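1. need the 3D shape of this:
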Amino acid sequence: MKKKRILFLLLLFHLFVHAQTVAVHGRVRNDKGEPLPGATVTVKGVKASAVTNPEGEFSIEAPPQGTIIVTIVGYAADEEKIAGRTTLLIVLHQKAAELNDVVVVGYGTQKRADLTGAVVAVTGTEMNKRIATDPMQLLQGKLSGLSVTQGSGEAGNEGLVLRIRGLGTNSSAGSNPLIIVDGLPGSLSSLDPQNIESVTLLKDAASAAIYGTRAANGVILVTTKQGTSGKMQLSYDYNIGLTRPSALPDNLVYNSAQYMVLWDSAANHSGYPNKFTQAQIDLYSNPSRDRHLYPDYNWLHEIMRTVTTQTHHLGFTGGRNGTTYNIGLGYVDQPDIMLGFSFKKYNLQFNLNSKITDAITFGSSLTLNYGKRLYASRGSQDQFLSTLSQSPMYGPILPDGSGRYVNSVFPNVQTPNKNPVAIAQNALVKDKDYFVQSSLFLNVRLFKGLEWKTSGGFNFEYENIYDFKPVINQYNWFAGPKDLPERTLDVNGQGLTETDNNTIYPVGYTQLTYIHSIREHNLKVLAGTQAEYNRSQSLVGSRNTPFSNNITRELNAGPAGSQLASGTSAEWSLRSYYGRLNYDYKERYLLEANARYDASSRFPPGNRWGLFPSVSAGWVLSKEKFLEEVNWLTNLKVRGSWGKLGNQNISNYPYQDVYTSANAYNTNTSYAYPFSGSNLNSGVAQNALADPKIKWETTRIIDVGADITVSNKLNLTFDWYNKLTYDILYKPAIPGYIGLASPTINNGRMRNRGFEASAQYSDKIGPVRYSVGGNIQVNRNTLVKFGAPQITTNNTINIEGYPFGSFYMYQYAGIFQSADEIAKAPVQPYSPQPGYLRFRDIDGNDTINANDRMIVSGVFPKFEYSFNTSASYKYFDLTIFFYGSYGQKQYAGGWGIQPFNQGSPPPKSYLNAWTPQNHSTTTPLIYITGQGNASSNIGTASTFYLKDASFLRIKNVQLGYTLPASMAKHVAMSSLRIYLAGDNLVTFTKFPGLDPERAVGNGNVRFVVHPQNQVFSFGVKAVF
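-> This is a model prediction of the structure:
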């Protein structure tokens, strides 16, 4: 009877509980408005659960005043009070340092908790908070240890440089990292950023050694988006941006009368006879002058412009019955801010995965990319400098309305540079690039714990470069209709040159993976073999004399007497064996060993094979009993690694003696020898020495790090490393009297030591969620062994004990104010006069010569850093991203800082230049660059031109709004997000030039470069 009463009471309680619940329907989205299928939904205190469908929707019974808990791997759990509602929208945010709790590593994946190497990752969602046409731009500041610098804002040719833990080597093998896309070597720039799922950076030998010969400069692993099971989902991303120069030189003299007066003063100081007459100056200084005929013309306003850039992405994903697919179509229309330049890119990504049986899985990936770029044959930098070289006294086109192009105004005074408007409108190179990457894989589970995976694919690239150089006449500014042209436009030669380049690069590997656990001992073993082959070809045809007209632009239309053809091909191959062993005990004590055994055809037979091992270990202290009671410490892991990596990325077969029948300086001249009498016979000659015993360039890395998580809110990562590259492959300087080019040899050592730290904190205050974080990286580069010091330019040197390419120059000590001061000073070069620069006597012998040059720090930054912050409130979200660098200097010479460089307007600072009446202590007397002793003295490489290039840049700000799900339904969408964004908004710097970012790791650049783009954009992301 008692049992019956208990059962009756339980039944009543059950009925009571269910009588107090309601059906709650909801949608789960990420912070980009994308649905999150597979999220687990529970009710706090009640045993009820649900899983979101492919649209991120769920339905669950819950008390009206209960709390919904939503969790999914890779995102911070969210608790939402029901408060009587029956419809909920729940937005989840990614955890600060997690990527689905699984990280892509070489030839597989690993749980983040099991990593013992220096590995960092970023999701495609995080990357795409910015908008860029090249995915490499989006990695800037996102991965500690990776330095991304942009050398230019030129459309489709941004000059992006990736460096992992500093400059790895001074050899021709280069310091570029290896890029792996979906398991095979590939191209990151050829991808649409919206197609990227994740990017992983392998920084130390423990993580990268499995790539052996290719990994000395680090490895970047890119995973593209895979399909999601369920009905097809369609997404569309659109962005339109107003793009303008982030900076322009606004400190130049564009007043023509001032320009002419300053020119005459400079000509006097430079001993240059050609000057403007007073009558000519009066034409421009007369207040009532015809300003159309006698202008104050700013050429930058003609060449630089504001343009509209667009990106489109159409995505399809879905699947059923074990087969999933993901298709992405991308289009970029990117006019350049500089007249005449542009870039367009079309991209297709198609990924297919199919579970054939419970034991067999098949997958494929296809990337198709087509790019079309227009540019001047000498590049945007030359076009920019040509623009700066024009005087303000005339415009690009004659003022008579004839449309003819201008050469000069007073030709006997200056020798002008080429007309950049004429170049932009008539003489552009068309560069079409076709790229294909395709791969297939088959994964077979042979039995429990053992899997066999085979993958193969290829890269194919075809490029056509069409360079027609027309005959364009240029005239004097005051020319009449009957006047003859002064000269033809300088278009880097004449005629037509057409180039076809193609590369085929097949790669294949097969591997076995075995996983086994015995109680608390876990073992994972991987072993495989890989083969790579690369063949490239180039064919060039040209007719290098003027065509009869500028309309018929075909090779056959040119003069046959000047036709030339040339072609070449090259090939190399790699054969490899690799393996990895992972062991852990209780997921507390971790051990990993990697090895790769590579053979490269680029080395002599006796030295082709190289072994590249690594070992790493980790200790998860937070799982020890003595830390179990420390509740706020979610995770604490220390780790260390040691290993060796290789570099074989040199020219093909430099160990061989090569003989040629063509002169190195004139490919049309054959070698001829008088073997008998006076008759000449064709022959060959050796042009370069060769070392038949060269071997691998090797990098050894030691890394110690720690990963810490506090209260599931704060993630910290620290790494210290010591990276030594030895047996460096490079060509040493040899005496000219040897008569042959230097060989490639193994010699030299370079060390990079550094420290990296990153932090990310996420939490919420009421309904506001926020996240703040950042990273910092410090690297010290040193040439340990090099040989005799090598002065590489007039202002840099390679010498043991200092960074590679250190600044080497005279030390600026002020401006001479009087002849008496010159007489009392140490003997200076170039017969100084008052107003010249004074240099410091370093060796104390009272004479300034080459021995008084000194090494100056600053070629590399002391540290780079970035930080970010984000917040969301209901349907609004805001992200801000900062990027900066500290401690680097930039040698800023040439146009924009030195006066009258090829006629360029001088900086306005020269309005206050030194004169006998104005004893300036900051600006020397004015001169014409390249003319006389004044230019030799003031233009000499010295710390006068060495500028602090530290900076902090607001790289991106984005404000978004996600339409409520109930409203999105009315427009047939599952989600809709709109946003406003700004890129390169503000730069805080003392650097007087255009772009201090270019100086990061490359301190010897011009004062002015093609500026980066400042973009104000509007975007839409719709999911159907």
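2. so what pLDDT did the closest residue to residue 622 other than its chain neighbours get?
-> Nearest non-adjacent residue to residue 622, counting by Cβ to Cβ, 6 or more residues apart in numbering: residue 636, 4.2 Å away. For glycine as for every other residue, the C-beta is placed from the backbone atoms N, C-alpha and C. If you check residue 636, the pLDDT there is 93.
3. how close does residue 636 sit to residue 498?
-> Note on residue 636: its distance to residue 498, by Cβ to Cβ, to the nearest Å, is 62 Å.
4. how about residue 997?
-> 36 Å.
5. of those two, who's got more company?
-> residue 997 (27 against 18; other Cβ atoms under 10 Å).
6. check contacts around that one.
-> By Cβ atoms under 8 Å, 6 or more residues apart in numbering, the contact set of residue 997 is 149-150, 885, 951, 953, 1012.
7. looking at these, which is nearest residue 805?
-> Residue 805 lies nearest to residue 149 out of the contacts of residue 997, by Cβ to Cβ, at 14.8 Å.
8. excluding covalently adjacent residues, which one is nearest to residue 897?
-> Per Cβ to Cβ, 6+ apart, closest to residue 897 is residue 1007, 4.3 Å.
9. could you report the pLDDT at residue 529?
-> The predicted local confidence for residue 529 is 97.
10. and it, helix, strand or coil?
-> Three-state assignment for residue 529 (DSSP: H, G, I helix; E, B strand; the rest coil): strand.
11. residues near it, how many?
-> Neighbour number of residue 529 under other Cβ under 10 Å is 14.
12. return the member of the contacts of residue 997 nearest to residue 601.
-> residue 149 (32.7 Å).
13. which neighbouring elements make contact with the helix or strand hosting the closest one?
-> Using DSSP states H and E, residue 149 falls within strand 146-150. With contacts taken as 3 or more Cβ pairs under 8 Å, 6 or more residues apart in numbering; DSSP states H and E, strand 146-150 sits against helix 135-138, strand 160-164.
14. list the neighbouring strands of it plus their orientation.
-> Strand 146-150 has the following sheet partners, assigned by DSSP bridges: strand 160-164 (antiparallel).
15. CA atoms of the strand it pairs with as PDB?
-> Written as PDB, here are the backbone C-alpha positions of strand 160-164 (Å, rounded to 0.1, in the frame of the first residue of the first chain):
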ATOM      1  CA  LEU A 160      52.400  41.000 -48.900                       C
ATOM      2  CA  VAL A 161      55.300  39.400 -47.000                       C
ATOM      3  CA  LEU A 162      54.800  36.600 -44.500                       C
ATOM      4  CA  ARG A 163      57.500  35.900 -41.900                       C
ATOM      5  CA  ILE A 164      57.200  33.400 -39.100                       C
END
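16. tell me the helix or strand right after it.
-> strand 178-181.
17. that following strand - which strands sit beside it in the sheet, and in what orientation?
-> By DSSP bridges, strand 178-181 pairs with strand 184-185 (antiparallel), strand 219-224 (parallel).
18. and for that strand, what's in contact with it?
-> Defining contact as Cβ under 8 Å, 6+ apart, one finds that strand 178-181 is touched by 106, 185-188, 191, 211, 214-215, 217-222, 224, 367, 437.
19. that strand - what's its average pLDDT?
-> Computed over strand 178-181, the average pLDDT equals 92.
20. quick one: the strands in the stretch 201-350 of the chain?
-> 219-224, 230-245, 307-320, 323-335, 342-355 (DSSP state E, counting those that start in this stretch).
21. out of those, nearest to residue 930?
-> Between those, strand 230-245 lies closest to residue 930; by Cβ to Cβ that is 27.4 Å.
22. pull out the buried residues from the closest one.
-> By neighbour count on 16 or more other Cβ atoms under 10 Å, the buried set for strand 230-245 is 230, 233, 235-237, 239-241, 243-245.
23. distance check, the residue nearest to residue 632 when sequence neighbours are not counted against residue 635.
-> In this structure, residue 632 finds its nearest non-sequential neighbour in residue 711, 5.0 Å apart by Cβ to Cβ, 6+ apart. Separation of residue 711 from residue 635 (Cβ to Cβ): 11 Å.
24. which of those two has more neighbours?
-> residue 635 (18 against 11).
25. farthest-separated two in the contacts of residue 997?
-> Largest pairwise distance in the contacts of residue 997, by Cβ to Cβ, is 14.2 Å, between 885 and 1012.
26. residues contacting residue 138?
-> So residue 138 contacts 127-128, 130, 132, 193 (Cβ under 8 Å, 6+ apart).
27. skipping its backbone neighbours, what lies nearest it in space?
-> Using Cβ to Cβ, 6+ apart, the closest residue to residue 138 is residue 127 (4.2 Å).
28. so what's the one you found up against?
-> Contacts of residue 127 by Cβ under 8 Å, 6+ apart are 135, 138-139, 142, 193, 196, 199.
29. try it again with 10 Å
-> 135, 137-140, 142-143, 193-194, 196, 198-199 (Cβ atoms under 10 Å, 6 or more residues apart in numbering).
30. from those residues, which is closest to residue 409?
-> Residue 409 lies nearest to residue 137 out of these, by Cβ to Cβ, at 41.4 Å.
31. tally of neighbours for the closest one?
-> Neighbour tally, residue 137, other Cβ under 10 Å: 20.
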